[in-house]
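Trainee: Sharing a sequence plus its predicted fold:
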Amino acid sequence: MSSNFCATIAADEFKRMATLLGSLTKPNATILQYQNVFFTLGNGSNKLECVAADGESTVRMNILTQSLESNEADSCAFSLPGHDLAKISRSIDAKTVKVYGDGRIHAGKSKFKLPQFTENLMFPVVDGECFSDVTIPAGVVRNLYASTAHAMAKNDARTFLNGMHVVWGENQFEWTGTNGHRLAQYRYESSNTNNENWDVIISNEGMNTLLKMLKGAGVDDEFPVVFTLSKRGTLSVDVPAAELYMRFLLIDGKYPDVRKVIPAKHDRPIYFNANHAHIEKAIKDAILLADNQSNAIILERPGNTDDVMQIKSYFNGKETTCVVEGEWHGFAGPEPFSIAANGQYLLEAIAVDGKDVSLHFDTPEKSIATFGENGVQVVMPVRV
């Protein structure tokens, strides 16, 4: 406990820190460290280092102080409950906030006193020896996540599916998400010269924390983000320009070899091109009367036309048929074609790339694929 310490912080900085780190803490956690935000001040520093963790992720933010008061010659260390910090931040309307080492927080006429834990409960943020690092722009991180996160499993018994498979190799960053019924994989070509290859699985919760922190810390798309794999089996993500550092525990297990279910574009001779808005509306309309559990819809090519797709659903004697105008390719004559799929999965797949949609098929027993400039979405067929 550092009773003689006081830091004056701009209110906006305090609110940003308290909101982000407070959201990571767990007020009822049995492990006390996960309830608190920890504060330290190094020798001669005018920045307050703030750290919080939830068991899956550890996040550190450095915030600039406007002034410091302390009788302690070297350093200070104290902790405050994260949940309470977040609540306090929502009520502050002053321009500056004073944070005391004994748990007091003063903002204008408002004064708060929070409970503290002892210093020996603090934990260091240490990664150990680094194995490999890759730097990419924050905007690319956001795009890779937005293109693949929807395909990850959420609570699958196969824990390795409940996360993002992140692979670095051959100057290429590859992100893959799958739940076994659909898949999304996107890549980013990097100029990094690091030749050490690695692959990891970051948990769903870890990925959500990563994106939440990038947004909340105001990280611009052009800011460099450094991914570093340590030999201790943790992945750190550092944004130096935003004074933001994150560390994630990784999911144990071997990710499935998904290459056998990802088709090459030239192997899919049958495809249907349509306007995104038109096919999206047809799928949504068909889902309205589909089985709520399977969301099964049927995509059909009537045998006598090359410019229409019918999207159908059946449930409890009810039938929906929606017609989408477009162009079929790959048929030699008036042969019909029909394939069933989860309509919600298909909606999320076509939402990723562009305003025009191209659905690629092979046989009714094989997947539906959409190809983007840097990746692919795959939706497996279902039985109806």
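Mentor: Arrived safely.
Trainee: The protein - how does it break down into domains?
Mentor: The chain breaks down by automatic domain parsing into domains covering 6-121, 130-259, 264-379.
Trainee: Can you name the element that comes right after the strand or helix carrying E348?
Mentor: E348 belongs to helix 343-350 when elements are defined using DSSP states H and E. Counting by DSSP H and E, the element after helix 343-350 in chain order, helix or strand, is strand 356-361.
Trainee: Identify each buried residue in that following strand, please.
Mentor: Across strand 356-361, burial judged by 16 or more other Cβ atoms under 10 Å covers V357, S358, L359, H360, F361. All C-beta atoms are positioned from the backbone trio N, CA, C, and that covers glycine.
Trainee: by contact count, what packs against that strand?
Mentor: If you count contacts as 3 or more Cβ pairs under 8 Å, 6 or more residues apart in numbering; DSSP states H and E, strand 356-361 packs onto strand 270-275, helix 276-288, strand 368-371.
Trainee: Pull the residues that contact the next helix-or-strand element following the longest one.
Mentor: Looking back up the chat, that one is helix 276-288. Where DSSP H and E defines the elements, the next helix or strand beyond helix 276-288 is strand 296-301. By Cβ atoms under 8 Å, 6 or more residues apart in numbering, the list of residues contacting strand 296-301 from outside reads 272, 283, 286-287, 290, 308-314, 328, 331, 336-343, 346, 359, 368, 382, 384.
Trainee: that older thread, what's the closest of the helices and strands packed on strand 356-361 to D220?
Mentor: Among the helices and strands packed on strand 356-361, helix 276-288 comes nearest to D220, with 28.5 Å by Cβ to Cβ.
Trainee: How many neighbouring residues does L24 have?
Mentor: The local packing of L24 (other Cβ atoms under 10 Å) involves 23 other residues.
Trainee: Angles on the backbone of it, please.
Mentor: Dihedral angles of L24 (phi, psi; degrees, to the nearest 10) stand at phi -80, psi -30.
Trainee: got a list of what the residue nearest to L183 when sequence neighbours are not counted touches?
Mentor: The shortest distance from L183 to any non-neighbouring residue, by Cβ to Cβ, 6 or more residues apart in numbering, is to V378 (4.3 Å). By Cβ under 8 Å, 6+ apart, the contact list for V378 reads R182, L183, A184, V261, I262, P263, A349, S367, I368, A369.
Trainee: Name whatever forms a beta bridge with the first one.
Mentor: For R182, the residues forming beta bridges with it (DSSP bridges) are V379.
Trainee: From A151, how far out is it?
Mentor: 5 Å (Cβ to Cβ, to the nearest Å).
Trainee: Same check on the fifth one?
Mentor: Between I262 and A151 the computed distance is 12 Å (Cβ to Cβ).
Trainee: now P269
Mentor: Counting by Cβ to Cβ, the gap from P269 to A151 is 25 Å.
Trainee: What of L32?
Mentor: Computed as Cβ to Cβ, the L32 to A151 distance reads 36 Å.
Trainee: Check V378 too.
Mentor: Taken as Cβ to Cβ, the span from V378 to A151 is 9 Å.
Trainee: Name the residues contacting each of the two.
Mentor: Joint contacts of V378 and A151 (Cβ under 8 Å, 6+ apart) are R182, L183, A184.
Trainee: which of those residues lies closest to S89?
Mentor: Nearest to S89 among those is A184, at 35.6 Å by Cβ to Cβ.
Trainee: Would you mind confirming that the closest one makes contact with V352?
Mentor: Yes - using Cβ atoms under 8 Å, A184 makes contact with V352 at a distance of 7.2 Å.
Trainee: before we move on, the earlier item: joint contacts of R182 and A151?
Mentor: Shared contacts of R182 and A151, defined by Cβ under 8 Å, 6+ apart, are found at E348, Q377.
Trainee: who's in contact with the nearest residue in space to L80 that is not next to it in sequence?
Mentor: Nearest residue to L80, sequence neighbours excluded (Cβ to Cβ, 6+ apart): L114, at 4.9 Å. Applying Cβ under 8 Å, 6+ apart to L114 gives the contacts L80, P81, D84, L85, G103, R104, I105.
Trainee: My reading is that the third one is in a strand; is that accurate?
Mentor: No - with the criterion set as DSSP: H, G, I helix; E, B strand; the rest coil, the secondary structure at D84 is helix rather than a strand.
Trainee: Please report the distance of it from G22.
Mentor: Taking Cβ to Cβ, one finds D84 at 8 Å from G22.
Trainee: same question for stretch 167-182, mean pLDDT?
Mentor: Averaged across stretch 167-182, pLDDT comes to 92.
Trainee: Same check on stretch 142-150?
Mentor: pLDDT averaged over stretch 142-150 gives 95.
Trainee: follow-up on the earlier one: most tightly surrounded among the helices and strands packed on strand 356-361?
Mentor: Ranked by mean neighbour count, the helices and strands packed on strand 356-361 are led by strand 368-371 with a mean of 23 (mean count of other Cβ atoms under 10 Å).
Trainee: any low-confidence regions in the stretch 151-300 of the chain?
Mentor: By pLDDT under 70, the weakly predicted segments of the stretch 151-300 of the chain are 193-195.
Trainee: in it, which spans are helices?
Mentor: All helices of the stretch 151-300 of the chain, identified by DSSP state H, counting those that start in this stretch, fall at 204-216, 276-288.
Trainee: Find the nearest non-adjacent residue to A146, please.
Mentor: Distances taken as Cβ to Cβ, 6+ apart place V352 nearest to A146, at 7.4 Å, with adjacent residues excluded.
Trainee: so that neighbour touches S147, yeah?
Mentor: Yes - assessed by Cβ under 8 Å, V352 is found in contact with S147 at 5.0 Å.
Trainee: The stretch 1-150 of the chain: helices as residue ranges?
Mentor: With DSSP H, counting those that start in this stretch as the criterion, the stretch 1-150 of the chain has helices at 11-24, 82-89, 138-148.
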